[in-house]
Each structure stands twice: as C-alpha cells, then as structure tokens.
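Engineer: got a predicted model here, sequence first, then my questions.
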Amino acid sequence: MHRSGIELINLYWEEVWNNGNLELIREICASPIVRHDANEVTSLTHDQQIARVAAQRTRLPFFTHEVLVADEHHVCSVWNMTIREGGERELCGIEVFRVEEGRLSHCWNSGYIPGLWGRDGAEREAREPAILPSLSSIDTDWIQDILTSVDKSTPRVGVLQSVDRIGNGTLSETARVVLHYNADPENYPTTLFCKFNRSTPEIDAANKRVGFYEREINTYSFLRDHPDISAPKVYFAATNPDTGATNIVLEDLSTRTTPGDQVRALRSRKRTRWYGRCHTSTPSSSERSRVTGCSIASPVRQCFMIRTG
C-alpha cells in the first residue's frame with residue numbers, strides 16, 4: 001500500500017531535511033522529480049536530489065509546518081525554516097507536491113522569503129532601516145522597515161511595482177518608488193521619493209570637508225520640528241559618517257504639485273530675495289518663522305530663502 005501525501009511530506013521535512021537521512025529520498029521521491037519554479041522547470045534524479053539537499057544542509061536548516069493540507073493527489077506545506085549553524089536566519093515558503101504511486105513526483109516552489117509566516121495577534125517587529133549603497137538596492141524589506149519604523153500599523157508591502165529614476169544630479173540620484181500592500185492602502189503612501197548620494201573619490205573627499213549630506217539631513221530635521229513650515233513628510237533620513245552613504249526617503253508630492261522654475265524665481269525680486277550670509281548662531285525665531293526653504297541647516301552656516309512679499 002502506498003504512503004499518503006501527508007506521510008510523504010512529513011518524512012521529507014523531518015527525516016530528510018531535519019535529520020539528514022538523505023538516502024530516504026530514493027524511497028519517497030520519484031526519479032526524476034520535476035521542480036517547477038518561476039519561468040523554469042528542472043528534473044532531478046535521485047542522485048541529483050541527494051546532492052542538492054546535502055549542499056543546502058551545511059547550515060543545518062530546521063523545517064516546521066505552519067499549514068499542511070492534502071488530497072488524494074497533492075500535498076501542500078506552508079513552512080517555516082530556521083538556520084541552526086553559522087548565524088541566525090529565518091525563511092518561509094510554500095511548496096505543493098504531486099503524489100504519484102506513493103512518491104513525490106512534482107514540486108511547485110514559491111521561492112524562499114526572509115522571515116517567518118506571521119501569526120494572528122503577533123506584533124510586527126520594527127527594525128532600524130539600513131543605509132543602502134545605491135538605488136538598485138531598494139527592495140520590499142527595506143521599504144517595509146522604513147514605513148514600519150514610522151507607523152507599526154503599516155500593512156505588509158507586497159510588491160514594488162517600480163523604482164523609476166527621475167533625476168541625476170552632481171551629488172545625488174533620485175527615484176520614485178511605486179509600491180503595493182497586501183491590504184487596503186487608503187491611509188498609507190503608495191509612492192515614495194528616494195534620494196541617494198553619489199559616490200566618487202572627489203565627491204567623498206568634498207563631503208568629508210564640508211558635510212553637505214549631513215547638513216541636508218539636518219535641514220529635514222529642522223523642518224520636521226516646525227510643522228508650520230510646509231515641507232514633504234520625512235520617512236527616513238540618515239548618513240553614514242564613515243562612508244558618506246546617505247539615504248533620504250520623502251513623501252512623494254508629484255501627484256499634487258508641479259516643479260518650480262528656479263530661474264524665474266530668482267529673477268522675481270518682488271517675491272523673493274536670497275540671504276547667503278553665514279550665521280554664527282542658530283537663527284532667531286523671527287527668521288525661522290519666515291523660512292520657506294533652506295539648503296544648509298547647521299548652527300554655523302545656514303542659507304535661507306526668506307519671503308519678502
């Protein structure tokens with residue numbers, strides 16, 4: 001009599017993966033077994049299956065079922081996995097197996113997701129966002145860390161639809177991130193503006209002398225502490241003083257504002273005049289109340305655009 005799907009999957013996780021009984025693969029899996037991944041199908045003989053598991057067991061993974069269901073022809077495991085050797089790591093995933101003649105013959109794999117499956121009533125852990133080296137490093141986990149650090153009730157970020165580069169300045173590069181949640185996004189941002197530093201030997205040396213990235217972050221800290229000044233919401237602003245790596249994540253205003261014409265503004269003397277003087281102390285309260293934007297924010301040097309009419 002053939003083993004059921006539930007019996008097979010329990011042997012596969014517990015005996016093969018958790019306990020390292022790799023030869024059991026010859027008894028409970030077909031040869032070949034067909035693995036279905038995104039855009040790819042792979043057939044593995046018994047020897048190839050054993051070699052695959054042996055290579056991945058070097059850090060002693062331990063699997064448990066979060067959900068386990070089966071019918072006559074298929075068995076599905078929603079699993080959690082923790083690493084027991086060489087540093088802590090947690091992964092989760094979903095695998096569906098087809099059962100034919102008492103063996104696992106096909107496997108559909110969702111891919112491995114960092115972390116463990118959430119459980120009802122469990123509070124999401126807020127992690128301090130890392131400082132990334134470039135816009136290409138942006139992913140769902142980083143965006144999740146940023147939004148959760150601001151509001152723990154933020155739903156899970158399911159997909160980053162796009163990271164569209166929208167500017168390439170001398171010192172920085174910028175992008176507009178479009179995201180989707182696994183819940184109603186009504187009260188949460190669906191787009192974000194990200195600004196990262198550029199890194200070259202010349203820029204890094206200049207930043208160490210002048211500290212312009214740190215000053216920009218101080219500017220947003222100043223604006224955040226003065227709600228009477230209209231400015232985009234700051235979700236994250238940090239710099240690494242050793243490397244100069246700087247990440248700024250702001251509210252995306254592109255859907256309700258239009259870019260200003262800087263040249264036209266400078267020509268309009270009736271509206272604006274620029275104060276480029278260096279301050280030796282923190283600006284007075286009367287000066288702060290008239291600030292409409294600043295390019296440098298430090299007690300030593302601050303350049304203000306002050307409204308005059």
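Structural biologist: Nice, I can see it.

Engineer: which residue is nearest the centroid of the protein?
Structural biologist: Nearest to the mean C-alpha position of the chain, by CA atoms, centre = their mean, lies residue 142 at 2.1 Å.

Engineer: what's the spacing between that one and residue 135?
Structural biologist: When distances are taken as CB to CB, to the nearest Å, residue 142 and residue 135 turn out to be 11 Å apart. Bear in mind the C-beta positions are built from the backbone N, C-alpha and C, glycine included.

Engineer: kindly report the same for residue 33.
Structural biologist: Here residue 33 is placed at a distance of 40 Å from residue 135 (CB to CB).

Engineer: so the two - more neighbours on which side?
Structural biologist: Neighbour totals were compared for residue 33 and residue 135, and residue 33 leads with 22 against 17 (other CB atoms under 10 Å).

Engineer: so what's that one scoring on pLDDT?
Structural biologist: Taken from the predicted model, the pLDDT recorded for residue 33 is 96.

Engineer: again, but for residue 254
Structural biologist: With respect to pLDDT, residue 254 scores 86.

Engineer: surely it and residue 191 touch.
Structural biologist: Yes: counting by CB atoms under 8 Å, residue 254 sits close enough to residue 191 to count as a contact (7.4 Å).

Engineer: give me the more crowded residue out of those two.
Structural biologist: Higher neighbour count among residue 254 and residue 191: residue 191, with 16 against 12, using other CB under 10 Å.

Engineer: now that one: closest residue in space that isn't a chain neighbour?
Structural biologist: residue 252 (4.1 Å; CB to CB, 6 or more residues apart in numbering).

Engineer: which residues are in contact with the one you found?
Structural biologist: 176, 189, 191, 192, 193, 232 (CB atoms under 8 Å, 6 or more residues apart in numbering).

Engineer: ok, it to residue 244 distance?
Structural biologist: 25 Å.

Engineer: could you list the low-pLDDT ranges of the stretch 151-300 of the chain?
Structural biologist: 259-260, 262, 265-300 (pLDDT under 70).

Engineer: now the strands: where do they sit in it?
Structural biologist: Along the stretch 151-300 of the chain, counting by DSSP state E, counting those that start in this stretch, strands occupy 157-168, 172-181, 191-197, 234-239, 246-251, 272-275, 291-297.

Engineer: make JSON lines out of the ones you listed and add distance to residue 59.
Structural biologist: Supplementary listing: the strands of the stretch 151-300 of the chain in JSON lines, determined by distance: least, CB to CB, whole Å:
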{"stretch": "strand 157-168", "distance to residue 59": "28"}
{"stretch": "strand 172-181", "distance to residue 59": "32"}
{"stretch": "strand 191-197", "distance to residue 59": "33"}
{"stretch": "strand 234-239", "distance to residue 59": "31"}
{"stretch": "strand 246-251", "distance to residue 59": "31"}
{"stretch": "strand 272-275", "distance to residue 59": "59"}
{"stretch": "strand 291-297", "distance to residue 59": "46"}
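
Engineer: which of these sits closest to residue 26?
Structural biologist: When the strands of the stretch 151-300 of the chain are ranked by proximity to residue 26, the top entry is strand 157-168, at 39.1 Å, counting by CB to CB.

Engineer: quick one: the closest one to strand 191-197, angle?
Structural biologist: Between strand 157-168 and strand 191-197, the angle formed by their directions is 50 degrees, by axes from the mean of the first three to the mean of the last three CA atoms, to 10 degrees.

Engineer: report the contact partners of the closest residue to residue 151 other than its chain neighbours.
Structural biologist: Nearest residue to residue 151 in three dimensions, chain neighbours excluded: residue 188, at 7.7 Å (CB to CB, 6+ apart). Neighbouring residues of residue 188 by CB under 8 Å, 6+ apart: 147, 151, 154, 155, 181.

Engineer: quick one: which of those has the most company?
Structural biologist: Neighbours here are counted as other CB under 10 Å. On that basis the top member of the contacts of residue 188 is residue 147, with 25 neighbours.

Engineer: gap between that residue and residue 251?
Structural biologist: 12 Å.

Engineer: which residues do those two both contact?
Structural biologist: 189, 235.
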